[in-house]
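>>> kindly generate the corresponding structure for this input.
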Amino acid sequence: MTHPSRRRHLSRRRHLAPLLALGVTAALVPQLALQSASAAASAAEPPAHQLAPYTGQKLTWKPCAADLPATLQCATLKVPLDYRRPDGKRIDIAISRAETSVPGKRRGIMAFNPGGPGGPGLDFPDMAAKELPKQVTERYDLIGFDPRGVGESTPVTCGLGGTDLSFPRPNRSRQEFDANTAWSKKVARACRARAGGLLPHITTRNTARDMDVMRAALGEKKLSYYGLSYGSALGAAYMQLFPGRADRFVVDSAIDSRRMWRGMYRIWAPSSERAFERWAKWTAERASVYHLGGTPKRVRGAFWMLVKRAEREPIELDGVKYDGAGIRDLMRAQFVKVRQSAELVVKLKKAASGQSVPPGPAAPPAAPPGDNAAVSQWAVVCADGSDWPRDVATYRRDVVRDSARYPLYGDFVSGTSPCAYWPRAAETAGPVSNRVPSLIVQNEWDPQTPLASARSLHRDLKGSRLVTVRGGEGHSVRFYTDTRNACADRQVDAYLITGELPREDVTCQAAPDARKRLAAAPPLFGLGV
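This is a model prediction of the structure:
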């Protein structure tokens, strides 16, 4: 769960499932009437006159950093810590802007969120300006920001370090479960002591409110948006709270708003098992290449033998020692990429037997010192979620059940979390339900936000269209891929250029040789990764 360095986090995450697919013609979907659920959500927001000191503030722009282009400018936005008390304490939100729009073609601004929770986004516009086509960038000024609690915005910290920042954790034995319960109490206690005044207000909905203040301070009537992974939840929250101000919204690799947040972690267990079964079948069909077994059962057995071997003595690969839990944790997100996973298991098997193994890709830059990335993530998932039990017995029952049902990862995602002891939040995220037009793009085999979660969000965002990349492997469709999916790209670009959504949902196909071009790299920000 390491986060990249503050100014290089984008480059280290250029990876993921390469795709190429069939095109589908888009057709106009008219702007839909705002629904009562959305109106009710907006009605609870502070009246405009109370927010006037924030929405009317003048921003001072300056170069962001020496290692970023001068065309990317940064400013500091003031927002209320607690929107129920706008005249109370204020915090800072660091924002950035790349003015790429062309007079006569300009539509407005498009904001980005790279995921997380806890992902910094100040330098995202620089990358987006290079990767989006000219027909898109000439219509928008591109906006990035570090969400509240993150990075160069008013940061949250608990004074933690080392192994205290690792989550999720294995819970196979009662000893591990008890140790993790003690760890959860320690983390929550430290955070209450160091950041108790901030924690209840670091929520997805408050970040959406910050986005609306940002929109107003930039002098725009509406906001367009591209959100990846956790950014889908943030975009959905904005559409729920401010439906009349949402222009063209794209969410890539979607969070299920009904599973925020313990449910989104726990969905990893069954989805990992499905990916594991698929990988075992694929690998068995290529027994002459990987020598892991000629049937899915034998391939699965080879993997579990490797886990047991590592439980007795950790296996060292590329300078890292993996015990049994470490191998399960490593492979959980990898199994969606069948070829890459087969090659990695073979390397682990060779390393376990003492054979020489060629080095893998260079390790990504080390995360910056401090606990901001981990704590800002816990702050959001603990505050947003209404599904975190407060009694340890519930976690223990879930661990026993899920470990039996989903042996690969069930114990990791069912155990005790700091959220069991976290301060009560000002509000929870709650499910969304509205008819704001939007576009969802999703890989079929996504280890962080499974296809089922995208389908659920699609049902709740009733004005949305879903673009599914059939056979697509990995987390994120548009950005951080080594091979772009032409079909999905066309859908996104057509929508951002014209405002036209497909007449119906679209299924694209991954290129047959896409798996060959997958590069080993750490996952994108998303649910703690």
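>>> now the protein, which segments are flagged as low pLDDT?
For the chain, the stretches with pLDDT under 70 are 1-44, 362-369, 483, 513-529.
>>> same thing but 50
1-43, 515-525, 528-529 (pLDDT under 50).
>>> neighbouring contacts of the strand or helix carrying residue 459?
Residue 459 is part of helix 451-460, with elements assigned from DSSP states H and E. Under the criterion C-beta atoms under 8 Å, 6 or more residues apart in numbering, residues 232, 236, 251, 253-259, 264, 267, 271, 431-434, 440, 442-446, 464, 466, 468, 505 lie in contact with helix 451-460. C-beta coordinates here come from the backbone N, C-alpha and C atoms, glycine included.
>>> all the strands of the protein, residue numbers only.
All strands of the chain, identified by DSSP state E, fall at 62-63, 72-80, 90-98, 108-113, 140-145, 223-228, 246-252, 315-317, 320-322, 438-445, 464-473, 506-509.
>>> buried residues in the longest helix anywhere in the chain?
If you go by DSSP state H, the chain has its longest helix at helix 174-195. Across helix 174-195, burial judged by 16 or more other C-beta atoms under 10 Å covers 176-177, 179-181, 183-184, 187-188, 190-191, 194-195.
>>> helices of the stretch 251-400 of the chain, start to end?
262-266, 268-284, 287-290, 296-312, 324-332, 338-352, 372-384, 392-405 (DSSP state H, counting those that start in this stretch).
>>> now do the fifth one against helix 174-195, angle only.
Between the direction of helix 324-332 and that of helix 174-195, the angle (axes from the mean of the first three to the mean of the last three C-alpha atoms, to 10 degrees) works out to 70 degrees.
>>> could you shift the numbering so residue one becomes 24, and keep it that way?
Let's use 24 as the start, then, which means that last one is helix 347-355.
>>> got the contact list for helix 347-355?
Against helix 347-355 from outside (C-beta under 8 Å, 6+ apart): 191, 193, 195, 291, 295, 326, 329-331, 333-334, 337-338, 345, 364, 367-368, 371, 431-432, 435, 470.
>>> how is the protein divided into domains?
As assigned by automatic domain parsing, the chain contains the domains 34-179+221-282+451-533, 185-220+409-444, 289-375.
>>> if we can go back for a sec, other SSEs contacting the longest helix of the chain?
On a contact count with 3 or more C-beta pairs under 8 Å, 6 or more residues apart in numbering; DSSP states H and E, helix 197-218 meets helix 395-407, helix 415-428.
>>> just those: most buried one?
helix 395-407 (a mean of 27; mean count of other C-beta atoms under 10 Å).
>>> now for that helix, which elements pack on it?
By 3+ C-beta pairs under 8 Å, 6+ apart, helix 395-407 packs against helix 197-218, helix 227-240.
>>> so which of the ones you listed is nearest residue 176?
Among the helices and strands packed on helix 395-407, helix 227-240 comes nearest to residue 176, with 8.6 Å by C-beta to C-beta.
>>> just to revisit the earlier point, pipe the strands of the chain into a markdown table and attach mean neighbour count and distance to residue 304 per row.
Below are the strands of the chain laid out as a markdown table (neighbours: other C-beta atoms under 10 Å; distance: least, C-beta to C-beta, whole Å):
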| stretch | mean neighbour count | distance to residue 304 |
| --- | --- | --- |
| strand 85-86 | 10 | 53 |
| strand 95-103 | 20 | 46 |
| strand 113-121 | 22 | 45 |
| strand 131-136 | 24 | 36 |
| strand 163-168 | 26 | 42 |
| strand 246-251 | 26 | 30 |
| strand 269-275 | 26 | 28 |
| strand 338-340 | 18 | 25 |
| strand 343-345 | 15 | 24 |
| strand 461-468 | 26 | 13 |
| strand 487-496 | 24 | 14 |
| strand 529-532 | 21 | 20 |
